[in-house]
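Colleague: give me a model of this one.
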Amino acid sequence: MTTKNIKYYILALAILFGLSPLISKSFALMSSPVYVVADEADEEEDEEDGDDEDEDDEEGDDEDEDDEDGEEDDEEDDEETEDNDSIEVNKEEIIITNKDGREDIIEVPEGMTVDLDDVLKEYNAQQYLELDTTCRMSNENPTYPQEVYVDRLKRMPTAIEMPWNDVVQKFIDRYSGRLRRSVSYMLGASNFYMPIFEQALEVYGLPLELKYLPVIESALNPNAVSPVGAGGLWQFMNATGKRYGLKINSMIDERRDAVKSSYAAAHFLSDLYSIYGDWSLVIAAYNCGPGNINKAIQRSGGKRDYWEIYPYLPSETRGYVPAFIAANYIMTYYCEHNICPMLTKLPIQSDTIMLYRNLHFEQVSQVLGIDIKELRALNPQYRRDIVTGYSEPTDLRLPLEYVSKFIEMEDSIFAYDASALMKRDLVEVNDAQGYTARKPVTYTKKRYTRSTKRLTKAKSKKRSKSRVAKSSRKRTVKKATAKRRTKKARTTRKKRRR
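Modeller: I've put the predicted structure just below:
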């Protein structure tokens, strides 16, 4: 039974038994406004109702309200709920009020706009992640004084600067409020991906807190694609991915490969640090490119501090570094905000096999009995379920228990329905009998002999004579016409004189 139904039920009892003076206080308490995070309102009504009663105990002046006042309070609650919903309409923007009172609209990174329901439909999420039903944390998102957030950021062991300000706080509130479920998913999925990210960052000697960049880029979704075409966990653009050794064509997109894309991203971040020498600028350049950072530095008068060039950056980049700081915060202090991580099952062990011929996932699935969704999850870089081993040696990742079986049945796997699943190597042209094609028209170049040349000259002379004759006739006609007009004019003048 919802809170609204309970209120009407108590109201009916009061009218029936004349007990309105006794229950007026309870009714008033239930009529008070409630602050609810939009995405979690339906899941935790009972806990919120209890919190509302604790808050409203301090307002004991409503004991003498009558039933009509209670109904008016219900209407006000509904209106307030609608107002709260209208404030949170745009999920891709955060509004910051400057010291001068002007509103600054900041675009949030792509990873903060991902639809969690779509992510949870992925094979890995369905197979290896599940909600923690034993978690007894309240769904309430507690708020703390500014000093607490500053102290927590200061206590994090990071090489990158993690300062606090109003912009960072807005992103912390977004993660701990509306995106609570997404944070729960990312905490669970981090058990898959963080070891890979940390290993790549260690190879290039980079700060390990950079492992949270994919949190704000893709929300740890390996198949994420942005509206501008960036793809994978690290959201590489095509040109940048190819520059750092990732294969991207019609059949393969290695931006989706967690291992290869992580090493490419670490290499890219290392190159950016050699340019700027400041990690905040490096993170901003990772988002909008070195060109935009250089322009912002120039417009700011040569300043090389992110917070100094902040007004000259693109809208999304102004929120990128604050979002990165907020991601580090929420992935560290999620317990303080009553967020329960999703439980992670230990994924199956896997190994790779090098292939020198083209192979379709359907062939492996049908012969070995592996779910094709599992093959796609283990090999997300293959766009069309085809391993292009004939172009160059290419690896296929399989569950460890199927590796030896694949080697034993390799010939049967490659032969299974190959004519239907793979492209044809040779084709025959259809030359059906009974159909006569139209003969092609051929054009031959004329050869001129002496006689034809003479004839041509004679014809040209004749044409020229005819043109001369025509022009002379025209001149004659014009002269005759002019004489007639002159004679007529003289005759007219003589008549007028008479």
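Colleague: C-alpha only now, for contacts and for neighbours.
Modeller: Fine.
Colleague: got the contact list for the closest residue to Thr388 other than its chain neighbours?
Modeller: Spatial nearest neighbour of Thr388, excluding adjacent residues (CA to CA, 6 or more residues apart in numbering): Asn358 at 4.7 Å. Listed by CA atoms under 8 Å, 6 or more residues apart in numbering, the contact partners of Asn358 are 386-390, 422.
Colleague: most surrounded residue in the residues you listed?
Modeller: Val387 (24 neighbours; other CA atoms under 10 Å).
Colleague: where does that one sit: helix, strand or coil?
Modeller: Val387 falls in the strand class when you classify it by DSSP: H, G, I helix; E, B strand; the rest coil.
Colleague: these two touch, right, it and Glu362?
Modeller: No: with contacts counted by CA atoms under 8 Å, Val387 stays clear of Glu362, the gap being 11.0 Å.
Colleague: who's in contact with the closest residue to Lys345 other than its chain neighbours?
Modeller: Residue nearest to Lys345 in three dimensions, not counting chain neighbours: Tyr128, with 4.8 Å by CA to CA, 6+ apart. Neighbour list for Tyr128: 344-347 [criterion: CA under 8 Å, 6+ apart].
Colleague: one more pass at 7 Å, please.
Modeller: 344-345, 347 (CA atoms under 7 Å, 6 or more residues apart in numbering).
Colleague: reformat the residues you listed as TSV; add secondary structure.
Modeller: Shown next, in TSV, are these (three-state DSSP):
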residue	secondary structure
Thr344	strand
Lys345	coil
Pro347	coil
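Colleague: now flag whichever of these is closest to Ser190.
Modeller: Ser190 has its nearest neighbour among the contacts of Tyr128 in Thr344, at 9.3 Å by CA to CA.
Colleague: quick one: the strands in this protein, in order.
Modeller: Ranges of strands within the chain are 93-97, 103-107, 129-130, 343-344, 350-355, 358-360, 386-388, 394-399, based on DSSP state E.
Colleague: quick one, which of those strands is nearest to Pro163?
Modeller: Using CA to CA, the nearest of those to Pro163 is strand 93-97, at 17.1 Å.
Colleague: what residue ranges in the stretch 301-450 of the chain score low on pLDDT?
Modeller: Of all residues in the stretch 301-450 of the chain, those with pLDDT under 70 make up the ranges 432-450.
Colleague: could you do the stretch 51-200 of the chain as well?
Modeller: In the stretch 51-200 of the chain, residues with pLDDT under 70: 51-91.
Colleague: can we see that at 50?
Modeller: 51-90 (pLDDT under 50).
Colleague: rewinding a little: how about the contacts of Asn358 in JSON lines, adding distance to Tyr276?
Modeller: Shown next, in JSON lines, are those (distance: CA to CA, whole Å):
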{"residue": "Ile386", "distance to Tyr276": "41"}
{"residue": "Val387", "distance to Tyr276": "40"}
{"residue": "Thr388", "distance to Tyr276": "40"}
{"residue": "Gly389", "distance to Tyr276": "41"}
{"residue": "Tyr390", "distance to Tyr276": "42"}
{"residue": "Met422", "distance to Tyr276": "49"}
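Colleague: contacts only, for Tyr276.
Modeller: Val282.
Colleague: ok, Lys457 - contacts?
Modeller: So Lys457 contacts nothing (CA under 7 Å, 6+ apart).
Colleague: ok, it to Pro290 distance?
Modeller: Note on Lys457: its distance to Pro290, by CA to CA, to the nearest Å, is 73 Å.
Colleague: the residue sitting nearest the centre point of the chain - nearest residue in space that isn't next to it in sequence?
Modeller: Centroid-nearest residue in the chain: Ser226, 2.6 Å away (criterion: CA atoms, centre = their mean). The shortest distance from Ser226 to any residue that is not its chain neighbour, by CA to CA, 6+ apart, is 7.0 Å, and that residue is Glu110.
Colleague: ok, the one you found - contacts?
Modeller: Remark: with contacts taken as CA under 7 Å, 6+ apart, Glu110 is in contact with 216-218, 226.
Colleague: how does it look with 10 Å?
Modeller: 92, 215-219, 224-227, 235, 316, 320 (CA atoms under 10 Å, 6 or more residues apart in numbering).
Colleague: can you list these in TSV and add distance to Asn98?
Modeller: Formatted as TSV, those follow (distance: CA to CA, whole Å):
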residue	distance to Asn98
Glu92	19
Val215	27
Ile216	24
Glu217	26
Ser218	29
Ala219	29
Ala224	33
Val225	33
Ser226	30
Pro227	30
Gln235	31
Glu316	17
Tyr320	18
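Colleague: so which of the residues you listed comes closest to Asp278?
Modeller: Proximity of the contacts of Glu110 to Asp278 (CA to CA) peaks at Tyr320, which lies at 15.1 Å.
Colleague: surely the closest one is in contact with Val108?
Modeller: Yes: using CA atoms under 10 Å as the test, Tyr320 is close enough to Val108 to be in contact (7.2 Å).
Colleague: neighbour count: the two, which is higher?
Modeller: Set side by side, Tyr320 and Val108 show more neighbours around Tyr320, with 29 against 22, by other CA under 10 Å.
Colleague: how far away is the more buried one from Val168?
Modeller: Counting by CA to CA, the gap from Tyr320 to Val168 is 10 Å.
Colleague: now the common contact residues for these two.
Modeller: Ala326.
Colleague: what residues does Gly319 make contact with?
Modeller: Taking CA under 10 Å, 6+ apart, we find Gly319 in contact with 93-94, 105-109, 167-168, 170-171, 284, 310, 313.
Colleague: now the closest residue to Glu198 other than its chain neighbours: how far from Ile339?
Modeller: Counting by CA to CA, 6+ apart, Leu208 is the residue found nearest to Glu198 once chain neighbours are left out, at 5.9 Å. Separation of Leu208 from Ile339 (CA to CA): 23 Å.
Colleague: kindly report the same for Lys494.
Modeller: As judged by CA to CA, Lys494 and Ile339 stand 119 Å apart.
Colleague: the more surrounded of these two?
Modeller: Per other CA under 10 Å, whichever of Lys494 and Ile339 has more neighbours is Ile339, with 24 against 9.
Colleague: how about that one, what does it touch?
Modeller: Neighbouring residues of Ile339 by CA under 10 Å, 6+ apart: 135, 137-141, 176-177, 180-181, 183-184, 187, 330-331, 333.
Colleague: and for Ala230?
Modeller: Ala230 touches 217-218, 224, 236-241, 255, counting by CA under 10 Å, 6+ apart.
Colleague: if we go to 6 Å?
Modeller: Shown in contact with Ala230 (CA atoms under 6 Å, 6 or more residues apart in numbering): 236-237.
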